[in-house]
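# What follows is a predicted structure for the sequence shown.
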Amino acid sequence: MAQVSVYDMNGNEVSTLELNKEVFGIEPNASIMHAAVVNYLANQRQGTQSALTRSEVRGGKKKPWRQKGTGRARHGSTRGVQWRTGGVAFAPKPRSYRFSLNKKVRRIAMKSALSSKVLGGEMLVLDSLKVDEYKTKTMVKLMNALKIEKKALLVLDSVDEKVIRSANNIPGVKTTQVNTLNVYDILNYDKFIVVKDAVSKIEEVYA
């Protein structure tokens, strides 16, 4: 089993934690993680992009000039795709970009992402995380204590409005919960900070 240090809110190491090797100790599968990231980004697309084809552009029904004798190219309408006022060839239309991955692939992708953070020494475990008031200063102090200099993902075991809103104004810091955790966020952030109780929930779901 992999061992990680557990820190308090002052950045002091208070204990160590044994991680489940079936969740945090597998060999990361890069191709499956890539598939999960592509799936996540595709599912975030609104798919509202739209443009007019030549049949939808207003006007252009009259032939601009006679077929022969002008020395110019022949045209039947000023709404063809080659005209500035014309339509768009193969115009994009509203569509859904969503697709799904099977359950086994999603689980392997999540385990691979979690294991990659442990292997890279980018996972930090907090003994507990409680704030008494809505104060960004409190969360900044925590990040400084943990020596966080880059982007960080903070995973909570449950929704805590004080923590979430206190961290909202810190650039590069995002909060999430175990039930909304995804592969893209894990890989996108440099540091993976998890509350100890959240680790137990992750292992309970993916072990």
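Here it is on my side, so go on. Owing to the predicted nature of the structure, the values given are computational and were not obtained by experimental measurement. Residues are numbered from 1 along each chain as shown.
# list the buried ones in the lengthiest helix in the chain?
Secondary structure of the chain per DSSP state H: the longest helix is helix 103-119. Buried residues in helix 103-119, counted by 16 or more other Cβ atoms under 10 Å: R106, I108, A109, M110, K111, S112, A113, L114, S115, S116, K117, V118. For every residue, glycine as well, the C-beta is placed using N, CA and C.
# got it, and stretch 155-172?
The neighbour-count criterion (16+ other Cβ under 10 Å) identifies V155, L156, D157, D160, K162, V163, I164, S166, A167, I170 as the buried residues of stretch 155-172.
# Now tabulate these in CSV and tack on secondary structure, pLDDT and distance to L101.
As requested, these are arranged in CSV below (DSSP: H, G, I helix; E, B strand; the rest coil; pLDDT from 0 to 100; distance: Cβ to Cβ, whole Å):
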residue, secondary structure, pLDDT, distance to L101
V155, strand, 93, 22
L156, strand, 91, 25
D157, coil, 86, 26
D160, coil, 82, 30
K162, helix, 87, 35
V163, helix, 89, 31
I164, helix, 89, 28
S166, helix, 88, 34
A167, helix, 88, 30
I170, coil, 89, 32
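# Take these and lay them out in a markdown table including distance to K62.
Written out in a markdown table, the entries for the buried residues of stretch 155-172 read as follows (distance: Cβ to Cβ, whole Å):
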| residue | distance to K62 |
| --- | --- |
| V155 | 64 |
| L156 | 65 |
| D157 | 69 |
| D160 | 67 |
| K162 | 67 |
| V163 | 66 |
| I164 | 61 |
| S166 | 65 |
| A167 | 62 |
| I170 | 61 |
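# Name the nearest residue to K151, sequence neighbours excluded.
Across the structure, with Cβ to Cβ, 6 or more residues apart in numbering as the measure, the residue nearest K151 apart from its sequence neighbours is G172 (4.1 Å).
# gap between the one you found and V194?
For G172, the distance to V194 under the criterion Cβ to Cβ, to the nearest Å works out to 17 Å.
# picking up where we left off before, please identify which pair of the buried residues of helix 103-119 lies farthest apart.
Taking every pair in those and measuring Cβ to Cβ, the maximum separation is 19.3 Å, between R106 and V118.
# By mean pLDDT, flag the weakest helix or strand of this protein.
Scoring the helices and strands of the chain by mean pLDDT, DSSP states H and E places strand 2-7 at the bottom, with a mean of 84.
# Kindly point out the strands partnered with it and how each is oriented relative to it.
Its sheet considered, strand 2-7 pairs with strand 13-19 (antiparallel), strand 123-126 (parallel) by DSSP bridges.
# Let's see the first one as PDB, backbone CA atoms only.
So the one you mean is strand 13-19. The C-alpha atoms that make up strand 13-19 are tabulated as PDB, following Å, rounded to 0.1, in the frame of the first residue of the first chain:
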ATOM      1  CA  GLU A  13       2.500  16.700   9.500                       C
ATOM      2  CA  VAL A  14       0.300  15.000  12.100                       C
ATOM      3  CA  SER A  15       0.200  11.300  10.900                       C
ATOM      4  CA  THR A  16       0.400   9.100   7.900                       C
ATOM      5  CA  LEU A  17      -2.300   7.300   5.900                       C
ATOM      6  CA  GLU A  18      -2.300   4.000   4.200                       C
ATOM      7  CA  LEU A  19      -4.000   4.200   0.800                       C
END
